[in-house]
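Engineer: mind folding the following:
(chains A, B, C and D)
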There are 2 protein chains.
Amino acid sequence: MTSRDTAGQRSETVRRANLSTILHELHLNAPLSRSQLVARTGLTRSAIRGLVGELTAGGLVIEERRSSPGTPGRPSPLSRPRDDRYVVLALEIAVDSLAVAMVGLGGSVLEHVRVDRARGHLDADSLAGDLARMAAPLLARRAERSTVIGIGLSMVGVVRASDGMIRSAPNLGWQDVPLADIVSRRLRLDVPVSVANDADLGALAEHRRGAAVGVDNLLYVAGEVGVGGGVIVDGRPLAGAGGYAGEIGHVPVNPAGAECRCGSRGCWETEVGERALLRRAGRRPTAGRAAVDDVLAAAGDGSPRELEALAATGEWMGIGLAGLVNIFNPSLIVLGSIFGRMYPFVSAQVEAVLGRTAMRAPREMARVLPAALGSDAPLLGAAELAFEPLLVDPAGWLAPRPALVRIAGA
Amino acid sequence: MTSRDTAGQRSETVRRANLSTILHELHLNAPLSRSQLVARTGLTRSAIRGLVGELTAGGLVIEERRSSPGTPGRPSPLSRPRDDRYVVLALEIAVDSLAVAMVGLGGSVLEHVRVDRARGHLDADSLAGDLARMAAPLLARRAERSTVIGIGLSMVGVVRASDGMIRSAPNLGWQDVPLADIVSRRLRLDVPVSVANDADLGALAEHRRGAAVGVDNLLYVAGEVGVGGGVIVDGRPLAGAGGYAGEIGHVPVNPAGAECRCGSRGCWETEVGERALLRRAGRRPTAGRAAVDDVLAAAGDGSPRELEALAATGEWMGIGLAGLVNIFNPSLIVLGSIFGRMYPFVSAQVEAVLGRTAMRAPREMARVLPAALGSDAPLLGAAELAFEPLLVDPAGWLAPRPALVRIAGA
DNA sequence: AGCGTTTGGTCAAGAGGAACACAAACCCGC
DNA sequence: GCGGGTTTGTGTTCCTCTTGACCAAACGCT
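Structural biologist: Numbering: from 1, shown residues only, chains lettered A, B, ... in the order given. As a prediction, this is how the structure comes out:
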């Protein structure tokens, strides 16, 4: 509604929008024939021809003859984005690991490295150095063939969207760390560095290439120690005024609850986070990922203590999700990371609590599914984030065509 | 991000968008001179001339000479939307009252009636009849001058956006009542009837004409018995998949709390709604609006019991708002109806609780303000809702101009 | 091999805003 | 009150971009 992209539109805007639409379509659904593009965009064959031709001439797209047409009529060539021309570097700072990937247009993961890291506080500069060292061989192998047009970084923490400042990251003990700048200096690539919260990027990835393809209103919930959320509203990520939106782990759900790392009390995170599960299962709350795996394995073997711990956690999951269902009215809730792994054991509780706690109308349309992309979702989201400028306005990246010599006056 | 209005764009789209932008601008900020429109839209003088000329010729806008220019240079004529050509009928079903208003383009309230109604259950057909009787004289007086292009209805309840079905309305004991259809039949105007939740419409009104003008990320909180919320995200109302989003009154905040009218337990509403305040102040919880006024008056006179009741309510307001700040990261929270009236007495508690409960980053950018439009906000929002189709695509409402006779071949 | 069908290729037409030159209407100072 | 400076309306031409129509090309099918 209201919306209006409030700027003066001109015919140039139209072409930009159409180029963007087509590239977006190919980025997500390649390969597509020209005639499929006609059907999807509503543009005419002439227009599609011109636009795809421009993208092809500009080096963003390749067209190839379909091998086996199978249908009557003149065959339509298939278009797909070139993944060897422009690439992005996706980085991730997670709780237990660091990851680097080289991703081509269209979403193909060309190379991919993840290394475990010990939990605990570490300064930004050394982490950025680690990422730079991990990225170096990937960059070297791509140097002559491809151009890196951006860096996307997924970060476990509260990220200011405007400049990639980490306002806080309890897992690392950070406060107000200008991570984008630091990474930019370390990597020495003269490209923009976009930083965003890991759950927000997980939501973006699941929306574009995961369990929520085609779903325009969804809630992605993920977390290990901390619990975060990403929300897609009408197909767009919910950012809020500063980019901090989606901190669902710190919604107060239990005033009689435990103190939270954030300084508050009774946050959802204190009831559904990894530590709560471990505590309920009789493990040391800070025992980490291996202990969680142990709990899940024991539950899989039918051990009552662990099953009860999971059930209790599932109750609290249901309570928190009920509030979020009432707030956002999503058509899908995607459970990532620890919640996805817990899901088989807690789905009954979650559904039951949702049934009696959420309001009828929004509840009836909210499905719950485990994530499809696994632990790489934030990393893939970071790649999508880095590609965004290209997808929004491809014109700026079209390779220059042989200059038209224009004779003045003639 | 991503967004893309995914359709094929053409030059016609451009004109539509520009007409819409200008009419929107005038609707919200009239009067504006042509040169101000140039500055605001980025379009050229030629384009503005053509577009404003088309709107003027079509009867949507009037241009008039500015009386006292005061500035050097050729004076620019002032444009304003005509409020006598196209009007909408705004209706409201509130807890304690019914309201009807005739509103012209540009937002001028031409006529306005509100009548008290007793709380309690009443069927939709008789309420719709009441509204129709209230609207009749307004319609009669406007009949020859103006055209009613739509009906907007604000409703205390959970409303399905697609068809104006009331999924539930605890105040009236309704479930699944097709209110849009019923009102449409009663009013016998052959125009679309748009129904939406009162808090969602309050948010829209405060965003466009109230305390939140120019603020693109805001949370509006209002309620009497029930507590509702409306959210504006990036300038657009948050609807969710079915239009049910924003039911913040039913977010669980206290698992040890009281049972809620919605069937759940410990909803925010049970701690910050009218009944909670009355209970804490030693009044009968169902005593209604007059009792609330009494409590506020006593508090204004310094009565400790009422001040304590307000303080306790303020604590819970802070807790709920903290969660919402973490979720939405709004730059403004607008407190409407009972919360606006309570605000002077609870601001200290609210701010204190927000300070220790919400996360630092989003909290720092969230102001809290009482609403500016008072109890008419939902009614004004309903008018805005009904005008929306006209504002989005004015071309369809332009009065036909003398047909251009085109001689074929010549 | 011939026919129907689907799609590509090309070009004129139509729509819409930008850019530019010029005229009009205001303020100001003398 | 008259001329200069300034701002803005007016009209024309130019440029961009999509549409639509017509023909050719490439496929399956009989």
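Engineer: point out where the stretch 301-410 of chain A drops to low pLDDT.
Structural biologist: A:400-410 (pLDDT under 70).
Engineer: and the helices in it?
Structural biologist: A:304-328, A:337-357, A:360-364, A:377-392 (DSSP state H, counting those that start in this stretch).
Engineer: any idea which of those helices is most buried?
Structural biologist: helix A:377-392 (a mean of 26; mean count of other C-beta atoms under 10 Å in any protein chain shown). No exception for glycine: its C-beta is placed from N, CA and C like everyone else's.
Engineer: interface residues of chain A facing DNA strand D?
Structural biologist: Chain A comes close to DNA strand D at residues A:11-12, A:14-15, A:18, A:42-47, A:50-51, A:65, A:68-75, as judged by C-beta under 7 Å from any atom of the strand.
Engineer: quick one on the thing from earlier: nearest to B:Val233, of the helices of the stretch 301-410 of chain A?
Structural biologist: With distances scored as C-beta to C-beta, the stretch of the helices of the stretch 301-410 of chain A nearest to B:Val233 is helix A:304-328 (10.5 Å).
Engineer: is chain B within reach of the closest one?
Structural biologist: Yes - for helix A:304-328 and chain B, the contact criterion (C-beta under 8 Å from any C-beta of the partner chain) is met by A:319-320, A:322-324, A:326-328.
Engineer: would you turn those residues into CSV with distance to A:Asp163?
Structural biologist: Below are the residues of helix A:304-328 next to chain B laid out as CSV (distance: C-beta to C-beta, whole Å):
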residue, distance to A:Asp163
A:Ile319, 36
A:Gly320, 31
A:Ala322, 36
A:Gly323, 31
A:Leu324, 29
A:Asn326, 34
A:Ile327, 28
A:Phe328, 27
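Engineer: just want the residue of chain A that's nearest DNA strand C.
Structural biologist: Going by C-beta to the nearest atom of the strand, DNA strand C is nearest to A:Gly73 of chain A, at 2.1 Å.
Engineer: what about that residue, how many neighbours?
Structural biologist: By the criterion of other C-beta atoms under 10 Å in any protein chain shown, A:Gly73 has 7 neighbours.
Engineer: what ranges does the stretch 151-300 of chain A have for its strands?
Structural biologist: A:158-160, A:165-169, A:174-177, A:193-197, A:218-223, A:227-233, A:236-237 (DSSP state E, counting those that start in this stretch).
Engineer: sorry, back to before: please check the residues of chain A next to DNA strand D and keep the buried ones.
Structural biologist: A:14-15, A:18, A:43, A:47, A:51 (16 or more other C-beta atoms under 10 Å in any protein chain shown).
Engineer: quick one: which of the residues of chain A next to DNA strand D sit in helices?
Structural biologist: Per DSSP state H, helices hold the following members of those: A:11-12, A:14-15, A:18, A:45-47, A:50-51.
Engineer: now for the residues you listed: which two are most distant?
Structural biologist: A:Glu12 and A:Arg45 (22.1 Å).
Engineer: could you dump the residues of helix A:304-328 next to chain B to a markdown table with distance to DNA strand C?
Structural biologist: Listed next are those as a markdown table, based on distance: C-beta to the nearest atom of the strand, whole Å:
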| residue | distance to DNA strand C |
| --- | --- |
| A:Ile319 | 51 |
| A:Gly320 | 48 |
| A:Ala322 | 47 |
| A:Gly323 | 45 |
| A:Leu324 | 42 |
| A:Asn326 | 42 |
| A:Ile327 | 39 |
| A:Phe328 | 36 |
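Engineer: closest to B:Gly106 among the buried ones among the residues of chain A next to DNA strand D?
Structural biologist: Looking across those and measuring by C-beta to C-beta, the closest to B:Gly106 is A:Val14, at 29.8 Å.
Engineer: residues in contact with the closest one?
Structural biologist: Contact analysis of A:Val14 by C-beta atoms under 8 Å, 6 or more residues apart in numbering or on different chains lists B:9-11, B:13-14.
Engineer: same thing but 6 Å
Structural biologist: Each residue near A:Val14 by C-beta atoms under 6 Å, 6 or more residues apart in numbering or on different chains is listed here: B:9, B:14.
Engineer: now swap in A:Leu89 and tell me
Structural biologist: Counting by C-beta under 6 Å, 6+ apart, A:Leu89 has contacts A:135, A:148, A:151.
Engineer: repeat for A:Gly229
Structural biologist: A:Gly229 neighbours (C-beta under 6 Å, 6+ apart): A:199, A:221, A:246, A:248.
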